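J.: Show me the folded form of this:
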Amino acid sequence: MLSTKALYRVIYWIIRQPVLGKWRHTLTADFTEKHVVTCFLESDGEILLLRRSQKVGSYRGHWAGVSGYVESTPDEQAYTELIEETGLEREDVELCRKGKPLQIEDEQLGTRWIVHPYLFHVKNRNKIQTDWEHVETRWISPPEISRYNTVPRLQETLERVYPRPADSR
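T.: Residues are numbered from 1 along each chain as shown. Predicted coordinates for the structure are as follows:
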């Protein structure tokens, strides 16, 4: 039987091994859990990506959906973010799907994001007016998302609400 000191040495050695790489943080780091919404806007078979400005707190310059911290309920926050970031009111969109929340751990930020995904159909894409949080927008076909430098696991988040056709899996 190993002594406590020997056991700690073994554990320390194990978590220092490169093979554990991406799992090491789950053994050693404390994460701050933050709930956020990510809203994808759809129109004519395309989704809207927004490039985050240098003024936001995280993932500057990365492409994302409309997103924000949950301050009330995820459902209410989704509509709040749409108004704040795109100028779209409830009557300008139609909720198509609400996805199962996704847990994303970011070791560098020490954050465990709980992402609540939503898909909205935009009735008139010309009404969209972005705020200071974004510097660029693009309407893309959903499979194109993999070509963009996005916030972590955005494609997986999209797939929670906009599944790929069976023939492209």
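J.: what's the weakest-modelled helix or strand in this protein?
T.: Every helix and strand in the chain was compared by mean pLDDT, DSSP states H and E; the lowest is helix 24-28, with a mean of 46.
J.: What is the next helix or strand along the chain from it packed up against?
T.: Note on helix 24-28: by DSSP states H and E, the next helix or strand toward the C-terminus is strand 32-43. Secondary structure elements in contact with strand 32-43, counted by 3 or more C-beta pairs under 8 Å, 6 or more residues apart in numbering; DSSP states H and E, are strand 46-52, strand 66-69, helix 74-86, strand 111-122, helix 154-159. C-beta here means a position set from N, CA and C on the backbone, and glycine is covered the same way.
J.: what does strand 32-43 contact?
T.: The set of residues that contact strand 32-43 without belonging to it, under C-beta atoms under 8 Å, 6 or more residues apart in numbering, is 47-48, 64-70, 74, 77-78, 81-82, 86, 88, 93, 96, 101, 110-122, 125, 128, 139, 154, 157-158, 161-162.
J.: Out of the helices and strands packed on strand 32-43, which one sits most buried?
T.: Sort the helices and strands packed on strand 32-43 by mean neighbour count, taking mean count of other C-beta atoms under 10 Å, and strand 111-122 sits at the top with a mean of 22.
J.: Can you give the strand pairings for that strand, parallel or anti for each?
T.: Using DSSP bridges, strand 111-122 pairs in its sheet with strand 32-43 (parallel), strand 93-98 (antiparallel), strand 102-106 (antiparallel).
J.: Next, the buried residues of the second one.
T.: Which is strand 93-98. For strand 93-98, a neighbour-count test (16 or more other C-beta atoms under 10 Å) marks 93, 98 as buried.
J.: Would you map out the domains in this structure?
T.: 1-28, 31-168 (automatic domain parsing).
J.: looking at those domains, which has the lowest confidence?
T.: Of all these, the segment with the smallest mean pLDDT is domain 1-28, scoring a mean of 54.
J.: How about residue 128: what's its closest non-neighbour residue?
T.: Residue nearest to residue 128 in three dimensions, not counting chain neighbours: residue 86, with 4.8 Å by C-beta to C-beta, 6 or more residues apart in numbering.
J.: what do you get for residue 123?
T.: Leaving aside its sequence neighbours, residue 123 sits nearest to residue 92 (C-beta to C-beta, 6+ apart; 5.6 Å).
J.: Near the one you found, how many other residues are there?
T.: Other residues near residue 92 number 19, with proximity taken as other C-beta atoms under 10 Å.
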